[in-house]
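Peer 1: model the following, please.
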Amino acid sequence: MFVATLVASGSIGQGDIALAVDRLRDAGCQPGDVAWLDQDKAADIFFALDPVAARAALTGVGDKVDVIVQPVAGREKTLLIADMDSTMITVECIDELADYAGIKPQIAEVTERAMRGELDFEGALHGRVALLKGLPDSAIDQCRTERVVIMGGAKALVRTMKARGARTLLVSGGFTRFTGPVAEEIGFDVHVANVLEIADGALLGTVTTPIVDAARKRTELEAAIADGIDRTLTLAVGDGANDIPMIQGAGLGVAYHAKPKTREAAAAEIVHGDLSVLLYAQGIPSAEWVVA
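Peer 2: Numbering: from 1, shown residues only. The predicted model follows:
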């Protein structure tokens with residue numbers, strides 16, 4: 001048995017649900033029961049056959065509606081592994097840090113190309129960090145305070161999953177000086193990221209190696225699975241090309257407001273809503289979310 005979870009950024013009505021059921025029936029998916037998670041906001045449609053056809057059939061259903069299709073068994077996860085920049089927070093930290101050095105446009109262009117998978121991630125990271133050489137160490141904390149904003153739904157997602165017994169891991173191709181405070185504020189158990197090298201109160205323009213890249217993100221997922229977590233019960237979410245291996249390795253891999261290559265590689269995606277969509281995807285209504 002499978003479930004298609006429909007989550008509206010605004011509202012979803014009975015007409016939208018009926019349309020979704022009709023599309024599933026026409027695609028040969030044999031739809032069955034419908035259950036509201038939150039009235040006019042999120043609903044589950046259960047069906048018997050062909051999740052790939054179901055996902056295609058439900059593309060574009062409703063107005064600004066995200067659809068997550070998955071097996072019913074194991075939909076509530078026991079591991080969350082998440083990217084940070086443009087996923088758990090609203091910005092790319094290296095771009096914002098570059099603004100304090102007066103070179104944001106130059107670095108942001110490289111970041112965008114790296115996240116789209118057009119550049120080698122490691123080379124692009126070293127090149128961008130080199131341009132930050134000499135920036136005062138104090139700019140990092142200033143940047144974090146002034147620019148970093150937690151993504152909508154992030155706290156509810158992480159804190160709710162933890163309260164229900166899940167392990168939560170923040171894995172970033174960014175920097176520990178950002179992931180540490182962000183992980184603490186949101187509530188992650190563990191954070192993994194690159195370490196900026198600093199001396200005499202200024203950035204040296206280098207990071208310690210080996211770097212946290214796409215392979216390392218997948219390695220962190222595999223290590224958690226080797227430690228006893230069922231792959232089926234893992235959830236990975238990210239937006240960039242360097243998130244693809246962990247997204248593809250998870251039980252449910254989700255592209256979040258993502259780059260084209262990441263969207264193509266993921267079995268599920270969030271285009272309209274925030275991270276709370278991932279709570280609905282696990283069958284958890286808002287009345288059960290941990291929001292404080």
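
Peer 1: distance of the residue of the chain most remote from its centre from residue 103?
Peer 2: When distances are taken from the C-alpha mean of the chain, residue 200 lies farthest, 35.7 Å away, according to CA atoms, centre = their mean. As for residue 200, its distance to residue 103 is 21 Å (criterion: CB to CB, to the nearest Å). From N, CA and C alone the C-beta is placed, and that goes for glycine too.

Peer 1: what pLDDT is listed against the residue farthest from the centre of the chain?
Peer 2: Residue 200 is assigned 96 on the pLDDT scale.

Peer 1: tally of neighbours for the closest residue to residue 115 other than its chain neighbours?
Peer 2: Taking CB to CB, 6 or more residues apart in numbering as the measure, residue 115 lies nearest to residue 240, with 3.7 Å between them; neighbours along the chain are not counted. Each residue near residue 240 was counted by other CB atoms under 10 Å, and the total is 26.

Peer 1: same check on residue 180?
Peer 2: Residue 180 has 15 neighbouring residues, counting by other CB under 10 Å.

Peer 1: so it sits against residue 191, correct?
Peer 2: Yes - under the criterion of CB atoms under 8 Å, residue 180 lies in contact with residue 191, with a separation of 6.0 Å.

Peer 1: ranges for the strands of the stretch 151-292 of the chain?
Peer 2: 167-175, 190-194, 196-199, 202-207, 234-238, 252-256, 268-270 (DSSP state E, counting those that start in this stretch).

Peer 1: need the nearest residue in space to residue 63, chain neighbours excluded.
Peer 2: The spatially closest residue to residue 63, leaving aside those adjacent along the chain, is residue 10, at 6.6 Å (CB to CB, 6+ apart).

Peer 1: which phi and psi does the one you found have?
Peer 2: For residue 10, the backbone dihedrals are phi -110, psi -100 (criterion: degrees, to the nearest 10).

Peer 1: what separates it from residue 272, distance-wise?
Peer 2: For residue 10, the distance to residue 272 under the criterion CB to CB works out to 9 Å.

Peer 1: shared neighbours of these two, anything?
Peer 2: With contacts taken as CB atoms under 8 Å, 6 or more residues apart in numbering, residue 10 and residue 272 have residue 64 as neighbours in common.
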